[in-house]
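1. Please find the sequence and the predicted model below.
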Amino acid sequence: MTRTWQDFTDPERETARQLFVALTASTSMAAVVEPGATPRPAPYTGRSISQAWHAIVSGRPLPSDVEAAGLALEDLSALLDRASVAAVPRQAAAATDPSVAAARTGRGVTIRLAPSRSDVSQTYVTLEFDDRGMAAGRLIALRPDGAMTEIALPTPVEGAVQLLVSDDDPALVFLADTDCRIYLV
Amino acid sequence: MDGLSAERAVLEGAISSELAEVFRVLADTDLGSGPKYPAQLLRALSRTVASRAYGKPMLELCHLMRIAAAVGGRHGWPGLVFGVPVARAAALRALVQKGADSNAAYSGLELIDDGVTLTYPDAAFHVTYGRMAFLVALAELLVTALGYRAIDEVVQELLEALFESASASRHANRLSRLFYDYLKDHLSTAQSLRVFASLIGFLERDRGQSFSLDDLDDDAVFDYWSAVTTGQTDGVDMWGFRSVLERVATLRSAIEEATERHALGTPRSIGPDRSSGEVDPDAILSVLEAHEDPADDLSVLQTKPAAAVKLLTGREMADLTVLSTLGRQAPTLALSVLRAETLGVAQGRVSQALRRRAEPDVVSGLLDLSGCETYGDRLARWHDLDARMKRMALAALAVLIEAGRVEAAREVLAHLPSADLTGLRDRVPEAAGANVVALRPARAPDIVGALQDRTLVGEDVADLVDEARRSLKGLSRAGFQPKDRLTPSVGDGLSVGLPVLRRLRSALVAVLRRAESQVPAADVDGRFLEDSRRFAIGLRALYGVGE
């Protein structure tokens, strides 16, 4: 004989209620993940952590800022730190001391900025690796406001890389900014 | 499910727009090798979240994190979890094996055939590569929802703790608590409970206090929708006929399951407050899996390996979406499926016209259901679809035979369950030994060739094979052209997709038969007119346009 709703005990009704709620929620989530289910807003910037990681470790171009990456600043920073062979933290407390900007030491690397003697409009950027066998393909700089830049690095010679950068190069502004965090990937 | 349905899911309030976005990000993740997370995997994940049955998976995830950290080298656990291009067993196996070869810090872990065993001093734990795919998706879900640092902090503490099973349990509990807190704000029960109460209240008023499962029928769907149009549903704004149909089907499943539990005498209410009916999340998960598996069928056909073969076109899939979504409830609510595919679609056009501020005469015409597909048209369309699905299944059988795939014999039995294939027994290659495991379905040209031998398999099977060959002629869909047929990916795609096609066709036939029994051919036009008159009144009431 078919049981009626009246025959259901309170726990049984509660069971039916919970099942209804879970089934409804599951259907709602399924609607989102269905292949080609939802039109994405354009331009669409997903915040896939895998895609951010993939871009960092595979040398693909990075977004111009944290917002475009769709990640929280500190999350992106932590991700870059994990992926990097060497990193230099921000040194905001000493920002007024020009000597700090000229030479910053971090995990596995020291970065020095020195004006070119032959051309006053250019600056030498030197990366000295603690481990002379270390190498990195690019330098990624992350500012506290979320702006990012990257510089492709040549193969180190005797544990060091030297670049000659024009003073009006935006990358140099990042490197001279002691608030900026620097990662070598 | 169409885009509007996805938006509707959020609007209906079961999940927050942020949680929907988290799932959308996972669905869109592509590292250059196609979607990282197959739709079925995300469906499994969404069920786990919806049922809040993530306790055990969190424990498994902690074990996986130890494996990932060991094989990830300098990159640690993200190297495996974020680095694997697609969340599939083969890709994970390759990455784990590569990492194991190049990283020395690997004590306590042993790679065996199907996964990795962690041998702790206090216990051993095994994680298969297949399961890793799900756990990687869970990890990415957690990181996307809660942030990388929040999860990494727990994982680092786990990795720095003693290498013992008990520490995995402690950290799994921490992850569970973090996720539980997140879901408090993003997985709402309030709106679903309102819908539940509204449906129950409606049935009690309309069918009496002693209503039963049998009262949750096609009439209940139409009557409840009509009540919605006149605002008699306790403040629940579920305007779409299809939404109402889906919720009634959901209620049927929920009540059916509660009834079955009672019949078994094992309510399995093992939550902390059993007397109030608290249900074990794993029990809820098993109900969700049973209810929603049929809905996954269309996704299976759209993803690899089945996607290598075009068994169904986009339009054919669209025609199967409603009945596929309703799963086992579809045949019981067949007339409602027919209404949803005709009158319900017309309602969708009205709401789209209103959204784009169409001219009043256009809206008025739509409200009068002008151009609405009739029941007769839709039933004929289902018959055509059935015939096309039959042809595709037969053509696929011919491809399997041509490719010498052993699955051909399975398909023959699916078409002719009483077929006697014992004559093929001598063609089966002798097993090399009990410990030999076939890595992939073998080609078996001898067996398959014998399927065409009338003296061995009989007239019925031979006729079926002939019919299959005829079905294949002139078919130009992907996977059926001569250049495609012998490629392994097509054989693998058919191996997965063909049973799904059969299930979908069975569901279609069940709905079609039931609908035709409820609306006999002699009544089909009259019934449509009667229903459409009532539906049009509802539409005018709903969209505020008087007659």
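-> Sure, I can see it. Residues are numbered from 1 along each chain as shown, chains lettered A, B, ... in the order given.
2. Just give me the residue right at the centre of chain A.
-> residue A:76 (3.3 Å; C-alpha atoms, centre = their mean).
3. quick check, whichever helix or strand it is part of touching chain B?
-> Assessed by DSSP states H and E, residue A:76 sits inside helix A:73-83. Yes - shown here: helix A:73-83 in contact with chain B (C-beta under 8 Å from any C-beta of the partner chain) through A:74-75, A:78-79, A:82-83. Using the backbone N, CA and C atoms, a C-beta is placed for each residue, glycine as well.
4. quick one: the strands in the chain?
-> Since no chain was named, I'll use chain A. A:86-88, A:103-105, A:109-115, A:122-129, A:138-142, A:148-152, A:160-166, A:181-184 (DSSP state E).
5. The chain in question should be chain B.
-> Secondary structure of chain B (DSSP E): strands located at B:109-112, B:115-119, B:124-128.
6. Of the residues of helix A:73-83 next to chain B, just say which sits nearest to residue B:163.
-> residue A:82 (21.4 Å; C-beta to C-beta).
7. close enough to count as contact, that closest one and residue B:76?
-> Yes - checked against C-beta atoms under 8 Å, the pair residue A:82 and residue B:76 is within contact range at 6.2 Å.
8. Number of residues surrounding the residue of chain A found nearest chain B?
-> Here the residue of chain A nearest chain B is residue A:14; by C-beta to the nearest C-beta that distance is 2.7 Å. When neighbours are defined as other C-beta atoms under 10 Å in any protein chain shown, residue A:14 has 20 of them.
9. in the chain, which ranges drop under the pLDDT threshold?
-> Defaulting to chain A. A:1, A:35-46, A:92-101 (pLDDT under 70).
10. you looked at the wrong chain, it should be chain B
-> Looking at chain B by pLDDT under 70, you get B:1-13, B:103-106, B:262-279, B:293-295, B:423-447, B:545-547.
11. try it again with 50
-> By pLDDT under 50, the weakly predicted segments of chain B are B:1-7, B:11, B:267-275, B:431-442, B:547.
12. residues of the biggest helix by length in chain A that come out buried?
-> Taking DSSP state H as the criterion, chain A has its longest helix at helix A:10-33. Neighbour-count burial for helix A:10-33, with 16 or more other C-beta atoms under 10 Å in any protein chain shown as criterion, is recorded at A:11-33.
13. Repeat that for stretch B:190-207.
-> In stretch B:190-207, counting by 16+ other C-beta under 10 Å, buried: B:191-192, B:194-196, B:198-200, B:202-203, B:207.
14. go on, stretch B:335-351?
-> Of the residues in stretch B:335-351, those buried (16+ other C-beta under 10 Å) are B:335-350.
15. didn't residue B:61 look like it was pressed against residue B:175?
-> Yes - here residue B:61 lies in contact with residue B:175, judged by C-beta under 8 Å, at a distance of 6.9 Å.
16. could you dump the strands of chain B to JSON lines with distance to residue A:183 and mean neighbour count?
-> Converted to JSON lines, the strands of chain B look like this (distance: least, C-beta to C-beta, whole Å; neighbours: other C-beta atoms under 10 Å in any protein chain shown):
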{"stretch": "strand B:109-112", "distance to residue A:183": "30", "mean neighbour count": "15"}
{"stretch": "strand B:115-119", "distance to residue A:183": "31", "mean neighbour count": "19"}
{"stretch": "strand B:124-128", "distance to residue A:183": "31", "mean neighbour count": "17"}
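17. can you tell which of those is closest to residue B:220?
-> It is, among these and with distance given as C-beta to C-beta, strand B:124-128, at 44.1 Å.
18. What pairs with the closest one, parallel or antiparallel?
-> Applying DSSP bridges, strand B:124-128 is found paired with strand B:115-119 (antiparallel).
19. How about residues contacting the partner strand?
-> Residues outside strand B:115-119 that contact it (C-beta atoms under 8 Å, 6 or more residues apart in numbering or on different chains) are B:63, B:66-67, B:96, B:108-110, B:124-132.
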